[in-house]
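Undergrad: coords below, sequence missing:
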């Protein structure tokens with residue numbers, strides 16, 4: 001009986017984390033596309049950027065809400081990987097001048113590298129029996 005209760009609780013945790021983690025990656029992907037396109041002028045000329053600042057702000061708010069959910073419901077490993085993703089989604093022009101940090105604007109390759117680390121955490125945590133290769137980030 002105790003074993004069944006523990007297994008049921010573990011399944012509830014995996015189910016909640018799956019929802020949180022997939023929402024996080026979906027919102028991060030949408031926001032990353034906008035950030036990279038907005039702050040990397042070589043990607044798209046200004047006239048081809050088909051989103052407004054209001055749309056970007058809406059994507060940012062959805063992403064931040066999902067990021068906070070990872071903090072609440074995710075594991076320590078997931079929170080660490082989410083933090084690495086977040087550091088890649090902060091364009092240089094949005095950093096507070098009092099806390100200036102020299103770093104390049106986000107790129108899709110740097111974002112994808114951190115996304116793959118987060119996916120490796122997902123792979124290790126969400127299935128009841130993870131694959132042996134789950135600790136290895138997906139190659140690009």
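TA: Okay, I see it. Because the structure is a prediction, the values reported are computed rather than measured.

Undergrad: where do the helices sit along this structure?
TA: 2-39, 53-73, 76-88, 108-125 (DSSP state H).

Undergrad: can you redo the ones you listed as CSV with distance to residue 133 and mean pLDDT?
TA: To be clear about C-beta, it is placed using only N, CA and C from the backbone, and glycine gets the same treatment. Output for the helices of the chain, formatted as CSV (distance: least, C-beta to C-beta, whole Å; pLDDT from 0 to 100):
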stretch, distance to residue 133, mean pLDDT
helix 2-39, 18, 90
helix 53-73, 23, 91
helix 76-88, 16, 92
helix 108-125, 8, 90
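
Undergrad: Save the ones you listed as TSV, and put in distance to residue 132 and mean neighbour count too.
TA: Below are the helices of the chain laid out as TSV (distance: least, C-beta to C-beta, whole Å; neighbours: other C-beta atoms under 10 Å):
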stretch	distance to residue 132	mean neighbour count
helix 2-39	18	16
helix 53-73	25	16
helix 76-88	17	18
helix 108-125	10	19
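
Undergrad: Dump those helices to JSON lines, plus distance to residue 134.
TA: Formatted as JSON lines, these follow (distance: least, C-beta to C-beta, whole Å):
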{"stretch": "helix 2-39", "distance to residue 134": "13"}
{"stretch": "helix 53-73", "distance to residue 134": "18"}
{"stretch": "helix 76-88", "distance to residue 134": "11"}
{"stretch": "helix 108-125", "distance to residue 134": "4"}
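
Undergrad: Could you check how far the closest residue to residue 110 other than its chain neighbours is from residue 8?
TA: Nearest non-adjacent residue to residue 110, counting by C-beta to C-beta, 6 or more residues apart in numbering: residue 88, 5.1 Å away. Distance from residue 88 to residue 8, counting by C-beta to C-beta, to the nearest Å: 37 Å.

Undergrad: go on, residue 77?
TA: 23 Å.

Undergrad: do residue 121 as well
TA: 23 Å.

Undergrad: ditto for residue 87
TA: 36 Å.

Undergrad: And for stretch 6-20, what's in contact with it?
TA: With contacts defined as C-beta atoms under 8 Å, 6 or more residues apart in numbering, stretch 6-20 is touched by 66, 69-70, 72-75, 78, 122, 125-128.
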